[in-house]
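Trainee: got a structure for you, letters missing:
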């Protein structure tokens with residue numbers, strides 16, 4: 001670990017002087033009880049300093065010769081992307097996932113206008129600029145370039161905005177809930193899509209937001225309260241008796257998934273996700289959509305979404321669902337990909353129930 005820290009500082013943190021890297025690494029080794037090994041740490045780091053240029057060239061060559069290794073990505077995942085998207089797009093994904101993600105904020109229209117939020121941010125020292133996306137109507141999304149700690153801002157505490165990647169707004173946009181409707185949100189925490197639905201409904205109607213995990217439900221409640229979405233009711237799940245009688249106008253199933261579209265935001269995940277997890281997640285995803293579908297009234301609409309790039313969790317789940325639920329028909333589907341849309345990956349499909 002000490003060697004890795006030292007080498008990272010040498011090759012990627014140019015603001016740290018070389019002598020400080022070596023000295024502090026050696027001192028840390030001694031302090032942590034590795035006195036006999038401190039000379040080895042010193043020797044390895046000094047050798048790499050002498051061979052810095054050759055090492056940089058070798059690292060760049062590795063990205064071409066062995067891309068998965070060169071970009072620190074599991075080989076099986078890279079091979080999947082080559083198969084599904086082609087070599088060029090797979091390489092773009094490798095580069096994308098090693099870049100720091102920007103911070104996006106969604107305006108909470110229940111509490112402020114774009115002009116009001118912009119004026120308040122300027123007073124709070126937030127540097128930002130608006131971003132436009134074809135699935136987002138109006139000036140709702142801003143990219144934050146520089147800002148104090150977000151939780152310290154009065155505009156955050158008052159619920160004027162929510163930190164949210166634009167890709168996550170595609171699902172609420174396609175569901176398009178109207179004021180006065182009743183909406184089921186089956187996998188609601190932490191609440192980004194839930195509160196976006198409530199804003200689209202102008203806080204009129206009802207959003208039943210469910211999540212089975214107590215800690216996640218608490219976070220959901222905090223966000224619902226902060227953003228003032230009074231039309232949202234938080235529950236663990238729908239009770240059996242409610243399932244037999246309830247008829248929702250619309251439903252959102254934002255299913256748990258491999259998260260392969262957001263790997264740069266969860267940097268450890270690339271080494272935790274395994275190939276067989278796709279099949280396991282697919283079974284869970286299909287079960288969720290099959291549980292939500294009967295709750296819809298005739299003519300109702302359901303949106304299924306993931307932050308995955310994998311067909312097994314996306315198109316294939318919808319195809320399996322439609323085979324099992326012939327009363328539903330696919331209305332539209334869309335995949336967002338970093339190499340095509342320059343934002344996080346996502347998949348969204350809207351299916352509608354017949355009026356019969």
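Mentor: Structure received. None of these values were measured; they are calculated from a predicted model.
Trainee: which stretches of the chain form strands?
Mentor: Counting by DSSP state E, the chain has these strands, from start to end: 103-107, 127-131, 141-146, 161-163, 182-185, 206-210, 232-235, 248-254, 296-306, 328-336, 346-353.
Trainee: hmm, who's touching stretch 20-27?
Mentor: Outside of stretch 20-27, the residues within contact range by Cβ atoms under 8 Å, 6 or more residues apart in numbering are 2, 3, 5, 6, 9, 10, 38, 41, 42, 45, 46, 49. C-beta coordinates here come from the backbone N, C-alpha and C atoms, glycine included.
Trainee: what about those, which are in helices?
Mentor: Judged by DSSP state H, those include 2, 3, 5, 6, 9, 10, 38, 41, 42, 45, 46, 49 as members of helices.
Trainee: how far away is the closest residue to the fourth one other than its chain neighbours from residue 2?
Mentor: This points to residue 6. Distance criterion Cβ to Cβ, 6 or more residues apart in numbering; nearest residue to residue 6, sequence neighbours excluded, is residue 25 at 4.0 Å. Between residue 25 and residue 2 the computed distance is 6 Å (Cβ to Cβ, to the nearest Å).
Trainee: between these two, tell me which one has more neighbours.
Mentor: Between residue 25 and residue 2, counted using other Cβ atoms under 10 Å, residue 25 has the larger neighbour count: 21 against 18.
Trainee: can you tell me the centre-most residue of this structure?
Mentor: residue 262 (4.9 Å; Cα atoms, centre = their mean).
Trainee: residues near the nearest residue to residue 299 once chain neighbours are set aside, how many?
Mentor: The shortest distance from residue 299 to any non-neighbouring residue, by Cβ to Cβ, 6+ apart, is to residue 355 (4.7 Å). Neighbours of residue 355 under the rule other Cβ under 10 Å: 9.
Trainee: where in the stretch 151-300 of the chain is pLDDT low?
Mentor: 239-246 (pLDDT under 70).
Trainee: what is the burial count for residue 296?
Mentor: Neighbours around residue 296, by other Cβ under 10 Å: 22.
Trainee: quick one: contacts for it?
Mentor: Contacts of residue 296 (Cβ under 8 Å, 6+ apart): 184, 247, 248, 249, 250, 251, 302, 353.
Trainee: now render these as TSV, adding distance to residue 133.
Mentor: As requested, the contacts of residue 296 are exported to TSV (distance: Cβ to Cβ, whole Å):
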residue	distance to residue 133
184	26
247	32
248	27
249	25
250	22
251	24
302	23
353	28
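Trainee: pick the one among those closest to residue 333.
Mentor: residue 302 (12.2 Å; Cβ to Cβ).
Trainee: ok, now which ones touch the closest one?
Mentor: 250-253, 289, 292-293, 296, 328, 350-353.
Trainee: what's the closest of these to residue 209?
Mentor: Residue 209 has its nearest neighbour among these in residue 252, at 9.4 Å by Cβ to Cβ.
Trainee: my understanding was that that closest one contacts residue 197; is that so?
Mentor: Yes: the pair formed by residue 252 and residue 197 meets the contact definition of Cβ atoms under 8 Å, at 6.9 Å.
Trainee: joint contacts of the two?
Mentor: Residues touching both residue 252 and residue 197 (Cβ under 8 Å, 6+ apart): 172, 175, 183, 185.
Trainee: and the residues you listed as TSV, adding neighbour count and distance to residue 17?
Mentor: Shown next, in TSV, are those (neighbours: other Cβ atoms under 10 Å; distance: Cβ to Cβ, whole Å):
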residue	neighbour count	distance to residue 17
172	29	49
175	24	54
183	28	57
185	30	52
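Trainee: just curious, which of the residues you listed is nearest to residue 317?
Mentor: residue 175 (17.0 Å).
Trainee: do you know how far that closest one is from residue 224?
Mentor: 18 Å.
Trainee: equivalent analysis for residue 45, please.
Mentor: Going from residue 45 to residue 224 by Cβ to Cβ gives 50 Å.
Trainee: more crowded one of those two?
Mentor: residue 224 (24 against 21).
Trainee: contact partners for the closest residue to the more buried one other than its chain neighbours?
Mentor: Spatial nearest neighbour of residue 224, chain neighbours left out: residue 232 (4.8 Å); criterion: Cβ to Cβ, 6+ apart. Residue 232 makes contacts with 194, 195, 198, 206, 207, 209, 224, as judged by Cβ under 8 Å, 6+ apart.
Trainee: please report the distance of the second one from residue 232.
Mentor: Computed as Cβ to Cβ, the residue 195 to residue 232 distance reads 7 Å.
Trainee: now for those two: what residues contact both?
Mentor: In contact with both residue 195 and residue 232: residue 224, using Cβ under 8 Å, 6+ apart.
Trainee: returning to that earlier point: now the contacts of residue 232 as JSON lines including distance to residue 168?
Mentor: Shown next, in JSON lines, are those (distance: Cβ to Cβ, whole Å):
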{"residue": "194", "distance to residue 168": "11"}
{"residue": "195", "distance to residue 168": "11"}
{"residue": "198", "distance to residue 168": "15"}
{"residue": "206", "distance to residue 168": "22"}
{"residue": "207", "distance to residue 168": "16"}
{"residue": "209", "distance to residue 168": "15"}
{"residue": "224", "distance to residue 168": "16"}
